[in-house]
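>>> When you get a sec, could you give me coordinates for this:
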Amino acid sequence: MLRSEINQIIREAEEFFKLHKFQLPAFASWSHNEWQQNRNNIDEIIDCELGWDVTDFGCDDFLNKGLLLFTLRNGILNSTE
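Down below sits the predicted model:
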C-alpha cells in the first residue's frame, strides 16, 4: 500500500469516529514533529503497540480485503503487572 492510501484511510476513519462522537487519544493525530517533540513520553505507547494499524494483507485490495483498527489498550507480553 502507498503511504498516501494509508493516510486517506486514516483520515476517513477519523471522520467516522468524529461522526459517532468517539474521541481518540491525542496521539492518534500527531504529526511527525509532534512525535519527535514527545519522544521522552511515548514509551508506553510504543511498548503497548498502541495506535493505527492499516493492512491489505499484501493483496493490494484494501476495500475488499483490508483491515483498519486503532489499538487503545494492549498489555505488554510477559508483564508481571
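
>>> Next, the buried residues of the helix or strand of the chain with the lowest mean pLDDT.
Every helix and strand of the chain was ranked by mean pLDDT, DSSP states H and E. The lowest is helix 43-47, at a mean of 90. Neighbour-count burial for helix 43-47 flags Ile45 (criterion: 16 or more other C-beta atoms under 10 Å). C-betas here are computed from N, CA, C, even on glycine.

>>> same check, this time on stretch 23-41
Buried residues in stretch 23-41 (16+ other C-beta under 10 Å): Ala28, Trp30.

>>> how about the strands of this structure, start to end?
Secondary structure of the chain, counting by DSSP state E: strands at 51-55, 67-71.

>>> ranking those by burial, who's on top?
strand 51-55 (a mean of 15; mean count of other C-beta atoms under 10 Å).

>>> okay, which residue is most central for the protein?
Computing the C-alpha centroid of the chain and ranking residues by C-alpha atoms, centre = their mean puts Trp52 first, at 1.2 Å.

>>> So what sits opposite that residue in the bridge?
Judged by DSSP bridges, the bridge partners of Trp52 are Phe70.

>>> ok, it to Ser4 distance?
Trp52 is 15 Å from Ser4, where distance means C-beta to C-beta, to the nearest Å.

>>> With Leu19 instead?
Using C-beta to C-beta, Leu19 is found at 23 Å from Ser4.

>>> returning to what we had before: and the contacts of the least confident helix or strand of the chain?
The contact list for helix 43-47, computed with C-beta atoms under 8 Å, 6 or more residues apart in numbering, reads Phe27, Leu50, Gly51, Ile76.
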